[in-house]
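# let me see the structure of the following:
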Amino acid sequence: MKSTELLLDELKSALPGVEIELVMNPSVSAQHSLRVAPKDALRVAAYLRDVAGYDYCSNVTGVDWLDKETTEKIRTTKTVTRTVDGIDGIAQAAEEIVEETVKRVEPGCLEAVYHLYSMRLGPTDPHPPVVLRMRTLNRIDQVELPSLTPVWRAAEFQEREIFDLYGIVFTGHRDLRRILMWDEFEDHPMRRDYVDPDDFEYEPTPHDEVLKRAEEYKASLAAELPVGEVR
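Presented below is the predicted three-dimensional model:
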């Protein structure tokens, strides 16, 4: 059985210059994945299908990675001036190690994850499933990734779903439009920072938190109306 690590070596050998890396999975399943640069994604996908035998894309999903703040302690040497004890007006320069805490923000991104199988080779030469990943440059205005539907047609509806719910724009997709939400809907409900609207009037039988928010929403509308006007 070919491991993901061996497949990575095979791809690098067969496709010189390809940008691809192994993403380790520390869980019990240990199902590692491959993350490929968007510019090389179609080349890698075609090789996986035509040479490695991964002819079936069973599932495609999206992931939203928010900005991540990290802290790091850095030691630096600084020159400080001290007054000599017992001697007025005399100072000495000395070096000391100062420890500072530096905060950094790693920009977030959106990710598309493809689960691949070999239907052709599976029965005679068991192939482990392959997880192929791509990431956008950010999650704001550079959210394009190449569509892999030219290689696996089965990804067509699922890429539309990711476009709808996460906002990834798949360039080269033949029919990229919303599939769950209506065309006029704004935002992407599966984003981690998505905020539910205050208007819950569409809920036929609101209860619990939904009922509370619906009542608050109606109260806010009433407060905005001129005195004596009823909506």
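
# quick check, residue 132 in contact with residue 36.
Yes. With contacts counted by CB atoms under 8 Å, residue 132 reaches residue 36, the gap being 6.4 Å. Placement of C-beta: from N, CA and C, glycine included.

# got the domain ranges for the chain?
4-65+108-171, 68-105, 196-231 (automatic domain parsing).

# look up phi and psi at the residue positioned nearest the centre of the chain.
Residue closest to the average C-alpha location in the chain (CA atoms, centre = their mean): residue 110, at 3.0 Å. Dihedral pair for residue 110: phi -110, psi 150, per degrees, to the nearest 10.

# look up how far residue 65 lies from the nearest residue to it once chain neighbours are set aside.
Spatially, and ignoring its direct neighbours in sequence, residue 110 is nearest to residue 136 (4.6 Å; CB to CB, 6 or more residues apart in numbering). Distance from residue 136 to residue 65, counting by CB to CB, to the nearest Å: 9 Å.

# check the burial of the closest residue to residue 51 other than its chain neighbours by counting its neighbours.
Distance criterion CB to CB, 6+ apart; nearest residue to residue 51, sequence neighbours excluded, is residue 14 at 7.1 Å. Counted with other CB atoms under 10 Å, residues neighbouring residue 14 total 13.

# could you point out the longest helix in the chain?
helix 208-224 (DSSP state H).

# CA-only coordinates of that helix in PDB, if you can.
In PDB, the C-alpha atoms belonging to helix 208-224 read as follows (Å, rounded to 0.1, in the frame of the first residue of the first chain):
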ATOM      1  CA  ASP A 208     -36.000  29.900  23.100                       C
ATOM      2  CA  GLU A 209     -33.100  32.100  21.900                       C
ATOM      3  CA  VAL A 210     -34.700  32.500  18.500                       C
ATOM      4  CA  LEU A 211     -37.900  33.800  20.100                       C
ATOM      5  CA  LYS A 212     -36.000  36.200  22.400                       C
ATOM      6  CA  ARG A 213     -34.000  37.600  19.400                       C
ATOM      7  CA  ALA A 214     -37.100  37.900  17.300                       C
ATOM      8  CA  GLU A 215     -38.800  39.900  20.100                       C
ATOM      9  CA  GLU A 216     -35.800  42.200  20.500                       C
ATOM     10  CA  TYR A 217     -35.700  42.700  16.800                       C
ATOM     11  CA  LYS A 218     -39.400  43.700  16.700                       C
ATOM     12  CA  ALA A 219     -38.800  46.000  19.700                       C
ATOM     13  CA  SER A 220     -35.900  47.800  17.900                       C
ATOM     14  CA  LEU A 221     -38.000  48.300  14.800                       C
ATOM     15  CA  ALA A 222     -40.800  49.800  16.900                       C
ATOM     16  CA  ALA A 223     -38.400  52.200  18.600                       C
ATOM     17  CA  GLU A 224     -37.300  53.500  15.100                       C
END
